[in-house]
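**Student:** need a structure here:
(chains A, B, C and D)
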There are 2 protein chains.
Amino acid sequence: MPTIYDVAKRAGVSPKTVSRAINGDAPVAEATREAIALAIRDLDYVPSHAARSMRSTKTGLVGMITGAVSGASDASAPGGLPDLLIVQTAQSRLEQSGKALFIADSGGSSQRVPELIMRFQAHRVEGMLFVAEQHKRLVDPLPWSDTKKVLVNCFDDEGTPAVLPDDEGGQFDLVEAVLAKGHKRIAFLTLADGLPATQLRMRGYQNALTKAGVAFDPDLVLPADLMGDAAEHELIADALDKFFALPSPPTAICCGNDRLAVAVYGVLRARGITIPDDVSVVGFDDYRVISETLYPKLTTAELPYAAMGQRAAEILTEILEGAEAPAEKITERIKGRVVVRESLVPPPANTSTNH
Amino acid sequence: MPTIYDVAKRAGVSPKTVSRAINGDAPVAEATREAIALAIRDLDYVPSHAARSMRSTKTGLVGMITGAVSGASDASAPGGLPDLLIVQTAQSRLEQSGKALFIADSGGSSQRVPELIMRFQAHRVEGMLFVAEQHKRLVDPLPWSDTKKVLVNCFDDEGTPAVLPDDEGGQFDLVEAVLAKGHKRIAFLTLADGLPATQLRMRGYQNALTKAGVAFDPDLVLPADLMGDAAEHELIADALDKFFALPSPPTAICCGNDRLAVAVYGVLRARGITIPDDVSVVGFDDYRVISETLYPKLTTAELPYAAMGQRAAEILTEILEGAEAPAEKITERIKGRVVVRESLVPPPANTSTNH
DNA sequence: CAGTGTCATGACATCCATGACATGACACTG
DNA sequence: CAGTGTCATGTCATGGATGTCATGACACTG
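**Tutor:** This next block holds a predicted model:
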């Protein structure tokens, strides 16, 4: 690999002049510039980032750690991969600011995190992004607290800047969209207990009802999520049967996420209940492989991973560029769009349909 | 950030001794070693990778480019993200060899690839991984042909080492599993034309039939994939209706991928056909969010992204460690497992069931 | 034309870690 | 005890790019 000296020799100038031509930090005569450009092309010269960053202390590097950052669940949850979207959009945004992105995966083990951080430190990363595979609260504070960092899809109690999905707002908007179609009896199949998303989405659901003046009916809320466990399908089937056994059954069903919606579609069809004619169904996440493939296509609230990745990169960039994290909005919630598709229509005329 | 000099001063030794203590490339007295270790901990010293790699020309860096590498389809295909698994497993394998992974996404534009490569070159990566989001042939040869690289999920005509899914073998095994249950009439809903996977899976299907002595019936093969286009559902419904209108309808249906299987489940249920009692259904990809969520759970052939990422990293490591790419098996095909789940059972006793 | 400013460029030190080489302190051999 | 080997450590130069300072060549001002 040629060095700046090789280029200098070939162009008949000093290395420093080549440096100037490349970085444009001082005037270089047109003729000289061209000679240098030619030499660079001839030699396939690419400046060494290592040498460069040794002098400038600015490395232009950012590290990203994916995987379970918390010690809570150290198993790689099936199907719960943090969407590549976060990585992609963060990388793309960082690139705009001339930063390169390193990634490392903790493989689900929080013990490995300090080691990964060390590795990043060795590369003198300017900042770091921690990405959890699922909205969660970090239990152990992250080591190396002096490094500038932004949490994505997770938060801690130390006030580290974090970018989170607005589960509550998303669910609120979604339920509002359901209400807007005229539904009054809206069931809710909730996610597993203990997840922040579970509580937040529930609150969004309730708030939307309240705002619309629709009474909250606890009979319309049942748990359905066993994280893919075998018994899950039965649980959902039971829940749906209970709903439809009610004196006033629901005309719309909110599923905690799109995955649950798949199961709901299956059960309803097996019961001879047609979506959306008999009952509307909505999900959450906009997991497009599901939401666009189900028939009818699923109405759902987007889990805005793309926007989150981008925003996290943006915040990190701001922090790196000097603006100390503005204390006011340390935690930023990103609200996803409501994507209305075929599975949501007005309730059937005869609302008291009993199956 | 402290330097090796700071550590040396604090431990009362020369920088070189610190270096030796860290790298273990020469004997260091026990007492000295401890003093150094203490100083390192006190100062939170982490050796600078930049300075280190300047001397040794070994950077320990590997770059990965994801996204559409070919110029063929420059739109970010919905739902067609290369699974994060490839990235994760590759990174994890590289880490074992002490390599760090840089990633960059072409964002679907092949024009951006040279620029990304330049960026990697600046970091003096030792090798690169190109990951396509979908099994494909690269049309433009990659620039910088001197860099050591491995292609993942794609291949070119230059004999660049590549790691591919064994679509043919996977489909073969899957169909064999179906045949083993006693099915003779096995329909096949194919993927979009022109994809390597489409042809290969078809060949696997045919070979398995041939080996079992089951005649290939063109009436049992219909296209079903419009890449998520709106008309897809209808196409699939029509195809299924045609199948069941045959004098001897299929007792099992192979779907080109798991996504199609979702649609098939929907249509069949709407027709009152029960899976797997009336007909068995199998997919391809083992997209677990789908295959484990559908009811009944989907039998499918794994698209071995995890193994591919790991294997690619392994091959790259081998190449980097000197072993010139063994000319014989430049292209490696990884076969995924067949995952038998509830959707596959023996055919119904009365095979001539007509719906 | 001397004096001053601007422009283009070069010389040199420097960033941090390490390879090559050297050295002081011992221990051992004959 | 001179000679040799081993061990632990130090000195110095180096890698590639760049910040700092210096300088030669002009152009312009009065």
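
**Student:** CA only for contacts and neighbour counts going forward, please
**Tutor:** Fine.

**Student:** which SS state does A:Phe120 fall under?
**Tutor:** helix (DSSP: H, G, I helix; E, B strand; the rest coil).

**Student:** Now it: closest residue in space that isn't a chain neighbour?
**Tutor:** A:Gly63 (6.3 Å; C-alpha to C-alpha, 6 or more residues apart in numbering or on different chains).

**Student:** residues touching that neighbour, list them.
**Tutor:** A:Leu101, A:Phe102, A:Ile103, A:Ala104, A:Phe120, A:Val125, A:Gly127, A:Met128, A:Leu129 (C-alpha atoms under 8 Å, 6 or more residues apart in numbering or on different chains).

**Student:** Tell me which two of the residues you listed sit farthest apart.
**Tutor:** A:Ala104 and A:Gly127 (13.9 Å; C-alpha to C-alpha).

**Student:** By residue count, tell me the biggest strand in chain A.
**Tutor:** Across chain A, the longest stretch assigned as strand under DSSP state E is strand A:127-137.

**Student:** partner strands of the helix or strand following that one, parallel or antiparallel?
**Tutor:** Reading on from strand A:127-137 to the C-terminus, the next helix or strand found by DSSP states H and E is strand A:148-155. Counting by DSSP bridges, the strands paired with strand A:148-155 are strand A:127-137 (parallel), strand A:162-165 (parallel).

**Student:** Nearest to B:Ala301, out of those?
**Tutor:** Per C-alpha to C-alpha, nearest to B:Ala301 of the strands paired with strand A:148-155: strand A:127-137, 25.3 Å.

**Student:** Which pLDDT does the model give the residue lying closest to A:Arg203 once chain neighbours are set aside?
**Tutor:** Nearest in space to A:Arg203, with sequence neighbours left out and distances taken as C-alpha to C-alpha, 6+ apart, is A:Glu168 at 6.1 Å. Note for A:Glu168: predicted pLDDT of 97.

**Student:** who touches A:Glu168 in this structure?
**Tutor:** A:Ala197, A:Leu200, A:Arg201, A:Met202, A:Arg203, A:Gly204, A:Tyr205.

**Student:** where does chain A dip in pLDDT?
**Tutor:** Residues of chain A that meet the criterion pLDDT under 70 lie in A:68-83, A:108, A:144-145, A:323-329, A:350-355.

**Student:** What's the separation between the one residue sitting closest to the centre of it and A:Ser291?
**Tutor:** What sits nearest the mean C-alpha location of chain A, by C-alpha atoms, centre = their mean, is A:Tyr305, with 2.8 Å. Distance, A:Tyr305 to A:Ser291, by C-alpha to C-alpha, to the nearest Å: 16 Å.

**Student:** Test my guess that A:Arg259 contacts B:Thr293.
**Tutor:** Yes: using C-alpha atoms under 8 Å, A:Arg259 is in contact with B:Thr293, at 6.6 Å.

**Student:** hang on, the earlier thing: so what strands line up beside the helix or strand encompassing the residue nearest to A:Phe120?
**Tutor:** Per DSSP H and E: A:Gly63 is located in strand A:61-66. According to DSSP bridges, strand A:61-66 forms sheet pairs with strand A:100-105 (parallel), strand A:127-137 (parallel).

**Student:** Make TSV out of those strands and add mean neighbour count.
**Tutor:** Output for these, formatted as TSV (neighbours: other C-alpha atoms under 10 Å in any protein chain shown):
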stretch	mean neighbour count
strand A:100-105	24
strand A:127-137	23
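
**Student:** before we move on, back to that, can you tell me how far the residue nearest to A:Phe120 is from A:Met118?
**Tutor:** A:Gly63 is 11 Å from A:Met118, by C-alpha to C-alpha.

**Student:** same question, A:Ile186
**Tutor:** 50 Å.

**Student:** what about the two, which has more around it?
**Tutor:** A:Ile186 (25 against 17; other C-alpha atoms under 10 Å in any protein chain shown).

**Student:** What is the burial count for the residue nearest to A:Lys99 when sequence neighbours are not counted?
**Tutor:** Once flanking residues are discounted, A:Lys99 sits nearest to A:Gly60: 4.6 Å by C-alpha to C-alpha, 6+ apart. When neighbours are counted by other C-alpha under 10 Å, A:Gly60 registers 18.

**Student:** so how many other residues sit close to the residue of the stretch 251-355 of chain A at minimum distance from DNA strand C?
**Tutor:** Closest approach between the stretch 251-355 of chain A and DNA strand C, counting by C-alpha to the nearest atom of the strand: A:Leu320, at 18.8 Å. A:Leu320: 15 surrounding residues under other C-alpha under 10 Å.

**Student:** check contacts around it.
**Tutor:** By C-alpha under 8 Å, 6+ apart, the neighbours of A:Leu320 are A:Glu126, A:Gly127, A:Lys148.

**Student:** Please state the backbone phi and psi of it?
**Tutor:** phi -60, psi -30 (degrees, to the nearest 10).

**Student:** circling back to that earlier point, now secondary structure, neighbour count and distance to B:Thr251 too, for the contacts of A:Glu168, in JSON lines please.
**Tutor:** Output for the contacts of A:Glu168, formatted as JSON lines (DSSP: H, G, I helix; E, B strand; the rest coil; neighbours: other C-alpha atoms under 10 Å in any protein chain shown; distance: C-alpha to C-alpha, whole Å):
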{"residue": "A:Ala197", "secondary structure": "helix", "neighbour count": "22", "distance to B:Thr251": "42"}
{"residue": "A:Leu200", "secondary structure": "helix", "neighbour count": "18", "distance to B:Thr251": "46"}
{"residue": "A:Arg201", "secondary structure": "helix", "neighbour count": "23", "distance to B:Thr251": "43"}
{"residue": "A:Met202", "secondary structure": "helix", "neighbour count": "21", "distance to B:Thr251": "43"}
{"residue": "A:Arg203", "secondary structure": "helix", "neighbour count": "17", "distance to B:Thr251": "47"}
{"residue": "A:Gly204", "secondary structure": "helix", "neighbour count": "22", "distance to B:Thr251": "46"}
{"residue": "A:Tyr205", "secondary structure": "helix", "neighbour count": "25", "distance to B:Thr251": "44"}
